[in-house]
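> this one's sequence-less:
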């Protein structure tokens, strides 16, 4: 264990009387917490943990918290998905409104059938595994 100068906060007259907890740790985490508490000159883990939290929220040190970063990424992804779904919904409403209006060209249904066939062809092409092109087989 290396010797570290105690950095216990000085009592300012403001007693901490609000509780959050209890905190739960794995055996290994608790062991590491006990070592760090002793290294910094604290008598108990609770005071050490409280000082670390207060230092973090007051901005005296920062840490890359993966849980908060994962939550932020997930929230950003969900927002993007919802935005795209909204755009798709707007497009579907515009198509439905156009089909139900008197201004729809008479051959629009034929265009929609052709579009459907094209989409099915693209989907089928994407499903098939990429094989050698006919001309490449003879060259090999």
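It's in. All figures in this text were calculated on a predicted structure; none of them were measured in a lab.

> how about the helices in the chain?
27-39, 45-57, 66-100, 108-127, 134-139 (DSSP state H).

> Can you say which of those helices is packed in most?
Highest mean neighbour count of these: helix 45-57, a mean of 15 (counted as mean count of other C-beta atoms under 10 Å). Glycine gets a C-beta too; all of them are placed from N, C-alpha and C.

> what angle separates it from helix 27-39?
Orientation check (axes from the mean of the first three to the mean of the last three C-alpha atoms, to 10 degrees): helix 45-57 against helix 27-39 gives 90 degrees.

> Give me the helices and strands touching helix 45-57, please.
Counting contacts by 3 or more C-beta pairs under 8 Å, 6 or more residues apart in numbering; DSSP states H and E, helix 45-57 is packed against helix 27-39.

> and residue 117, how far is that from residue 107?
From residue 117 across to residue 107, the span is 15 Å (C-beta to C-beta, to the nearest Å).

> of the helices of the chain, which approaches residue 17 most closely?
Nearest to residue 17, of all those, is helix 45-57, at 11.7 Å by C-beta to C-beta.

> Low-confidence regions, the chain specifically.
Counting by pLDDT under 70, the chain shows low-confidence ranges at 1-13, 19, 63-68, 104, 128-140.

> at 50 instead, please
Under the criterion pLDDT under 50, the flagged ranges of the chain are 1, 3-4, 6, 136, 138-140.

> which residues does the nearest residue to residue 25 once chain neighbours are set aside contact?
Among residues not flanking residue 25 along the chain, residue 33 sits closest, at 6.3 Å (C-beta to C-beta, 6 or more residues apart in numbering). The contact partners of residue 33, taken as C-beta atoms under 8 Å, 6 or more residues apart in numbering, are 25, 45, 48, 49.

> Let me know whether the last one touches residue 23 as I believe.
Yes: Residue 49 lies in contact with residue 23 (C-beta atoms under 8 Å); the separation is 6.5 Å.

> biggest separation within the contacts of residue 33, which pair?
For the contacts of residue 33, the maximum inter-member distance is 12.6 Å, found between 25 and 48 (C-beta to C-beta).

> Now distance to residue 84 too, for the contacts of residue 33, in a markdown table please.
Listed next are these as a markdown table, based on distance: C-beta to C-beta, whole Å:
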| residue | distance to residue 84 |
| --- | --- |
| 25 | 41 |
| 45 | 47 |
| 48 | 47 |
| 49 | 43 |
